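Chemist: Here you go, sequence then predicted model.
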Amino acid sequence: QTAAPASPGSSGSAPAGSAEGSAESGALEVFGAFATQIEEPWDGVIHAALEKEQQAGGVTYDFTDDIGYAGDMERVLGEIAAQEQPAVIFGDAFGNEEAVRRVAKDYPDIAFIFGSGGGPADPNLSVFDNWIHEPAYLAGMLAGGLTESDVLGVVGGFPVPEVNRITNAFIAGAQETNPEVEVKVTFINSWFDPAAAKEAALAQVDAGADVLYAERFGVIEAADERDLLTIGNMSDQQDLAPENVITSVTWNMTPTVEYVIDQVQAGSYTAQDLKDFSMVGKGGAALAPINMDATGGIPQELLDQVTAKEGAIRDGTFRVDITESAPPGSVIPPSE
Amino acid sequence: MRRGEIHALLGENGAGKTTLMRVVYGLTRPDSGEIVVAGRPVAIRSPKDAIAAGIGMVTQHFSLVRPMTVAENLALGRGSGMRLDLTLAAAAATEASQRLGMRVQPSARVDSLSIGQQQRVEIVKALARDCRVLILDEPTAVLVPQEVEGLFSALRKLAAQGLAIVFISHKLGEVLALTDRVTVLRGGRVEGSAVTAAVDERTLAELMVGRPVVGQERAPAVVGSATRDPLLEVDSLAANKANGLPALRGVSFRVHAREVLGVAGVSGNGQSELVEVLSGTRPLGGGLVKVAGVTLRGGSVPEVIRAGIGRIAEDRQASVVGDLSVAYNLVLERIDDFRKGGRLDEEAIQRNARSLIERFAIRATPQAPVRTLSGGNIQKVLLARVLAREPKVLIVSQPTRGLDVGATEYVRSELLAARERGAAVLLVSEDLDELLALSDRLIVMYEGKVVGALNAAGADRGQLGLLMAGRGSAGAAAEQSA
Amino acid sequence: MVIPVAVVITFAFTAVFVVAAGADPFDAFYRFLVAPLTSPVTLLEVLVSATPILFTGAAVAIAFRAGYYNIGAEGQLLAGAIAAAGLGMVVGALPSLVALPIMVAGGAMAGAAWALLPALLRVRSGIDEVVTTLLLNPVALLLVNALLNGPWRDPETGFPESAPIAASAELPQLVARSRVHLGLVLALAIIAVAWFIITRTSAGLKLRAVGSSPRAAAFAGLDVNGTLLRAALVSGAIAGMAGVSEVAGIQDRLTGGLSAGAGYTGIVVATLGGLTMPGVAAAGLLLGDLRVGAGSAARALDIPSQVGEIVQATLLLVTIAALAIISRRRSTQAGR
Amino acid sequence: MIAFVFDILTATIRNATPLALGTIGETYAERSGVLNLGIEGTMYAGAFFGFATAFWTGSLELGLLAAVLVGLVAGGLMAFLTVTLGANQHVSGLGLTLLLIGVSEFGNRLAFGGGQSLRRIDPYPLVDPLELGGPFSQYALTYVTFLAFVPLAWWVLMRTRFGLAIRAVGEDPEAADAAGISVFRTRYAALMVGGVLMAVGGAFFTLAALGSFTLDIIAGRGWVVIALVIFGRWGIWRAVAGALLFSAVYSLQLRLRVTPGWQDVPFELLLALPYLVVIAALALSGRNVAYPGAYLKPYRRT
Ligand SMILES: Nc1ncnc2c1ncn2[C@@H]1O[C@H](COP(=O)(O)OP(=O)(O)OP(=O)(O)O)[C@@H](O)[C@H]1O
Ligand SMILES: Nc1ncnc2c1ncn2[C@@H]1O[C@H](COP(=O)(O)OP(=O)(O)OP(=O)(O)O)[C@@H](O)[C@H]1O
Ligand SMILES: [Mg+2]
Ligand SMILES: [Mg+2]
């Protein structure tokens, strides 16, 4: 609720984040500040993109993870800003929204790029989110077309907007290819706990589901065990069960990262909503290559339908609805 | 110690009897010295070594795992291989109990047994391991007279079989009756050793204490006290045991000012429950209790204390908070009297402690945690706590169990002094000598009823024994006068 | 005395991890333990970190002291947090001087209410409180989640957090440009009052008697069940205030992650402090120091955050071992 | 309906497996007089090191062996702290949990680089030796747990000299010592055996149920076990019955949540059911739990 601590010695020093500052040292300093450990898929995507950027050259990348939600974000972020003085800080603000905004305000010369449900804040806080509802819709189309029982299952962590909108998009996509389809949705109330996710998936299978959307770890394992089709999330997860994973709904932070770094290097950075860079149009979201070896194969007709829809999304002729309310445990097809 | 000898180890509380025997049994590490068994020095580092050397010990507070059966206790630390052979253990128990001449039930859980039976289990346990030396630490302190007789004959039998037995007791009469030789400890040193037949009670007592010992002086019973108003009236009292079965069935008696009423009986016949009801720790199952004319509702300690009852319970350890200081324990029953505004009046508490420590000759500082005190001093703390309030009625249970001669003498004199000051004293004890020495009148309890009442002066032990065993009747006159 | 020795031993044990992670162990330890105490900014942050565990440590110590094993401080904290958020959203019209006492009282009552069922089951029916208090912790968290996913979801972000509490319901900061808030004073005041009550009043003497020997206490006429009940409820109330402190002092709203196990850490604080109030204060500050140190050491040394956890855990174990050895030596010396 | 019941039964047995292993492990520890709050960490470390070993060696059996070793080390460490040093059991256990989770996560980071993609092995498959299907289709480890470990654990505890010694040192170490039992050695053994069972319970997740390791994989199940052991009053069968009860309600609520008609019930309430049912069962089953006599007390000869 108050200003972030600024270490006394640092306030007078030149902002390292300015374009000139980094030009001297040769590489732009980028920092990652993550609430969870980087093994968590969401922050893992951001981390992976930043690592890739470092390997490509041009930036140096360092990170701190597992900061948590219990009030440490403000201190840690403040220390990073004051002591490391990076040009850019990436991270996620969910659950730490105010803390991030307060620190960002205190260090106007550093670009803060944070995952957030709120808007950007001048002069330096930009926001992004994983807008992967479009590939989720396509995945739903596939699932709806492939199910034989007309029952699908989705297992998610918490009913937060990010998860709700991909779930709702998945349901909408499934309903497009299969008006009869029923979708079972279970939230396991945890970001991890793969054992719970697997059991939730098995409960859905017991209730008739035969294609599963794995928002969380654990679901693909259930599909593998019961030899059912499944759809991965966040990254391409086909290697986890090569015969069962049809495709994955993937998020890619590289477009966002590259755009921001270009701007900062050019000295033209401003606070903005980076939403578009996480969508299909700019390559920030995609359906992973469809696995033609998946058990039972995939009908060409269905493939064509999906490909056509993907094209429509790309050229803007089709917009996937964004619905952020939590879906119920069973979405039943509207009677008549 | 010789084969077939029963050897008494005597000494005041804290003389080191238990410590010495714990060293012999491997429970305490000696700083120096040597233990020789059958001519060979043995290194005893743990009870395992002692057992291997043929030493068995029955500790003061038994070493039995209470929630387990007798057979399981016997099997503990015995046998070989994986399997737990309880039938073998049961057979060993039966065999050893035959040697002892006393029955034990191998399948019974230890905590369902009486103290006397538990002691038998301890002895059987030692015998079943073929011990050649058997140490018994105050075995009679917890037994009723009949049980003591039984134990003695069993011990004589074992000695005849060639066992060497160490017998620790504070009761000089027992030592004289049972043992062949005596060793007296004082302050951790051997004060002397003698053939039992060559000494008498007085010499032993003086050897132990290091000074002459005097007996109790008791004022004669107040003539006609029975005609005065009684301080404690108990009418048709009923109460249940913890398991819901009746423990007291219509107990009636009165205790007057300046009177000690002794309650005799074999343990388990309702005396404990009687004491608990009168102490406020057990609900009244029926009947009437009046203190100085005021009727009690029962089942509440504060009510009982307010009515003017002072209580010395059988279980000393459960009456004090070991972690708290002597000073705090001395005010535990009336903490709220020692307040100054919102806070404890520490000064008054310390003052109270210092004066009581002096008056009752407690060997401790006010700050010492009570758990560091010896049994005798804990008993003095309890006496001080209760007597400081000058209660009208005193409920006392087994007041001298486990205490040495000096401490016993002291506690008894304090009880008599309370009587002199006009208190009514109800004394429950399993020690007949104590009952006869202190009481004006006696009642005998059997199966939750008062089966007899008699004047203590001139009471016949034989008759008492019969009454305690539930046979015979006595004292119609005394009963009426009560 | 204990702490320096424990530090040296911990150092020896954990140096291998620090070296494995590629850092200089001496530097690492300086940063873990000493560095947070060297600047005013981080020193204040130590106090911020210590605040919730000072509350829960005191709560647990009081209950344990009475012989009531309250393992449920976590759930009670969350109950207090719920109350604080609920009240904080409606007291906006009131001045702080009125609003804050309402918040604190409400949180304390909610914590006590969450502690009530196990306490009643214990004194009325002899049902073990360890099981009941422990199992109610996840239930409390589920209640928080149910509120945040349901009626209290922040309408603005849609994220499962409550709307912010009113400004007048926020605990004021104590030092300009730091996050130290009135909750710290409240925690220390409670520790002081608890110390006074336990050591200086008749109620405290009764509590100690009941805690160390319930049989003797009952024999002396003390109200054992009443004392247990009161201790359990006071413990719950103090843990509830920890929830108020975090909501009104740090988060300004109810969030699912606001505790980070402060209720469980309270057990460590209480036992490490020997169940005494000065001990609780010292242990709480030590753990606060470690938390701040671990957070910045990992980043400054560029080692994974888990190394910080390993060092913290080892230090804890070594300290408790050292305390055990010392108390044993003391008792054998006393015996001679 | 029959199918529904069978599904729940199948899931109940499956989900109860790690809980059952944990409860018998914890029962051994507590019967010997030591509350082992290190269980959550021991299960976690068993899950991680079991997985990592299986991943590197390609052998599930070696993975299991690694979990066994982890259990021995964790139990031994707990014993060193609480038995040899006599340190406070609450803090020792909680500290051990923190330490083992930290070491496992550090190992995970070092070994697998903290990437977002998961490593997976081929886990133990479901088996159905009697070919009866339904509830009989279970992991081999589940079969072994319920048909071998549980009865064996009961037999060892109640019918062998070792078990008698464990119960005796937990009930009355002085008496056990006087009977010639080494209290230290017995407690070490009980804690190490218990640690093995806990760690194998953790490895069940990575080696059988999932074939992969992720953070927070135990997710508080160790704490549930602590409650279940007391719920079971330190009896093997009763503790396992507690695990089955918890698991049955857990499996039931997962199915209710995707049953049409139940969507109006907040799912958080259904998630809370297993905890509430255990509390209710305890409240109904009666009073006055008799803790092992030497619970939480270190032993020293005086
Ligand atoms: N572990 C110990 N630490 C300190 N002092 C001890 C310890 N054990 C015994 N003592 C002390 O040693 C002395 C001898 O105690 P011991 O128990 O052997 O006496 P005792 O002769 O058996 O007395 P009693 O007749 O009361 O049983 C006592 O003063 C006692 O307080
Ligand atoms: N193989 C078995 N299958 C089913 N029941 C058994 C088996 N072996 C023993 N039992 C019974 O199960 C009952 C419960 O055993 P349990 O493990 O709960 O005892 P316990 O609780 O450990 O013992 P205690 O009551 O001393 O604590 C015992 O009475 C025993 O007779
Ligand atoms: Mg003694
Ligand atoms: Mg003695």
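Modeler: All right, it came through fine. Ligands and ions are numbered 1, 2, ... in the order given.
Chemist: Run through who's touching stretch B:191-211.
Modeler: By Cβ atoms under 8 Å, 6 or more residues apart in numbering or on different chains, the list of residues contacting stretch B:191-211 from outside reads B:8, B:10-12, B:15, B:172-173, B:175-176, B:179-186, B:212-213, B:404-406. The C-beta positions use only the backbone N, C-alpha and C, and glycine is treated the same way.
Chemist: again, only this time at 10 Å
Modeler: Here stretch B:191-211 makes contact (Cβ atoms under 10 Å, 6 or more residues apart in numbering or on different chains) with B:6-8, B:10-12, B:15, B:170-173, B:175-187, B:212-213, B:215, B:404-406, B:409.
Chemist: Count residues in the vicinity of residue D:159, would you?
Modeler: For residue D:159, the neighbour count with other Cβ atoms under 10 Å in any protein chain shown is 15.
Chemist: my guess is it meets residue B:82, correct?
Modeler: Yes - if you go by Cβ atoms under 10 Å, residue D:159 and residue B:82 touch, sitting 9.0 Å apart.
Chemist: can you give me the helices for the stretch 101-250 of chain A?
Modeler: A:133-146, A:161-177, A:194-206, A:219-226 (DSSP state H, counting those that start in this stretch).
Chemist: go on, the stretch 201-302 of chain D?
Modeler: Shown for the stretch 201-302 of chain D, the helices assigned by DSSP H, counting those that start in this stretch span residues D:221-231, D:236-257, D:267-285.
Chemist: for the first one, packing partners?
Modeler: Looking back up the chat, that one is helix D:221-231. When contacts are defined as 3 or more Cβ pairs under 10 Å, 6 or more residues apart in numbering or on different chains; DSSP states H and E, helix D:221-231 packs onto helix C:129-149, helix D:2-31, helix D:39-57, helix D:89-112, helix D:183-203, helix D:236-257, helix D:267-285.
Chemist: most packed of the helices of the stretch 201-302 of chain D?
Modeler: helix D:221-231 (a mean of 26; mean count of other Cβ atoms under 10 Å in any protein chain shown).
Chemist: quick one: contacts for residue B:366?
Modeler: Taking Cβ under 10 Å, 6+ apart, one finds B:325-330, B:349-354, B:356-357 in contact with residue B:366.
Chemist: Now secondary structure and neighbour count too, for the residues you listed, in TSV please.
Modeler: Conversion of the contacts of residue B:366 to TSV gives the following (DSSP: H, G, I helix; E, B strand; the rest coil; neighbours: other Cβ atoms under 10 Å in any protein chain shown):
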residue	secondary structure	neighbour count
B:325	strand	19
B:326	helix	26
B:327	helix	24
B:328	helix	24
B:329	helix	28
B:330	helix	27
B:349	helix	20
B:350	helix	14
B:351	helix	14
B:352	helix	21
B:353	helix	24
B:354	helix	13
B:356	helix	22
B:357	helix	22
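Chemist: packing partners for whichever helix or strand residue C:9 is part of?
Modeler: Under the criterion of DSSP states H and E, residue C:9 resides in helix C:2-20. If contacts are counted by 3+ Cβ pairs under 10 Å, 6+ apart, helix C:2-20 sits against helix C:25-29, helix C:277-301, helix C:305-335, helix D:89-112.
Chemist: please redo it, this time with the cut-off set to 7 Å
Modeler: On a contact count with 3 or more Cβ pairs under 7 Å, 6 or more residues apart in numbering or on different chains; DSSP states H and E, helix C:2-20 meets helix C:25-29, helix C:305-335.
Chemist: for the helix or strand that the first one is followed by, packing partners?
Modeler: Where DSSP H and E defines the elements, the next helix or strand beyond helix C:25-29 is helix C:35-38. The criterion is 3+ Cβ pairs under 7 Å, 6+ apart, and the helices and strands that helix C:35-38 contacts are helix C:40-65, helix C:277-301.
Chemist: Now helix C:35-38: buried residues?
Modeler: Neighbour-count burial for helix C:35-38, with 16 or more other Cβ atoms under 10 Å in any protein chain shown as criterion, is recorded at C:35-36.
Chemist: And the contacts of it?
Modeler: With contacts defined as Cβ atoms under 7 Å, 6 or more residues apart in numbering or on different chains, helix C:35-38 is touched by C:42-43, C:46, C:289, C:292-293, C:296.
Chemist: how does it look with 8 Å?
Modeler: C:42-43, C:45-46, C:289, C:292-293, C:296-297.
Chemist: From residue D:184, how far out is the residue of the stretch 151-300 of chain D found nearest ligand 1?
Modeler: Residue of the stretch 151-300 of chain D nearest ligand 1, by Cβ to the nearest ligand atom: residue D:300 (9.5 Å). Distance, residue D:300 to residue D:184, by Cβ to Cβ, to the nearest Å: 10 Å.
Chemist: Then residue B:413?
Modeler: Residue B:413 sits 47 Å away from residue D:184, going by Cβ to Cβ.
Chemist: between the helices of the stretch 101-250 of chain A, which gets nearest to chain B?
Modeler: helix A:194-206 (35.3 Å; Cβ to the nearest Cβ).
Chemist: got a list of contacts for that closest one?
Modeler: A:151, A:153, A:155, A:184, A:186, A:188-190, A:209, A:212, A:214, A:216-219, A:221-223, A:225-226, A:228, D:3-4, D:7, D:11, D:15, D:205, D:209-210, D:212, D:214, D:217, D:219, D:250-251, D:254-255, D:257-258.
Chemist: Give me the ChimeraX select line for the residues you listed, limited to the buried ones.
Modeler: What follows is the ChimeraX syntax selecting those of the contacts of helix A:194-206 that are buried according to 16+ other Cβ under 10 Å:
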select /A:151,153,155,184,186,188,189,190,209,212,214,216,217,218,219,221,222,223,225,226,228 /D:7,11,15,205,209,210,212,214,217,219,250,251,254,255,257,258
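Chemist: for the residue of chain A found nearest chain C, what are its contacts?
Modeler: Going by Cβ to the nearest Cβ, chain C is nearest to residue A:69 of chain A, at 2.8 Å. By Cβ under 8 Å, 6+ apart, the residues touching residue A:69 are A:35, A:95-96, C:255-258, C:260.
Chemist: Going by distance to ligand 1, which of the residues you listed wins?
Modeler: residue C:260 (44.1 Å).
Chemist: if we can go back for a sec, nearest to residue A:270, of the helices of the stretch 201-302 of chain D?
Modeler: Nearest to residue A:270, of all these, is helix D:267-285, at 41.2 Å by Cβ to Cβ.
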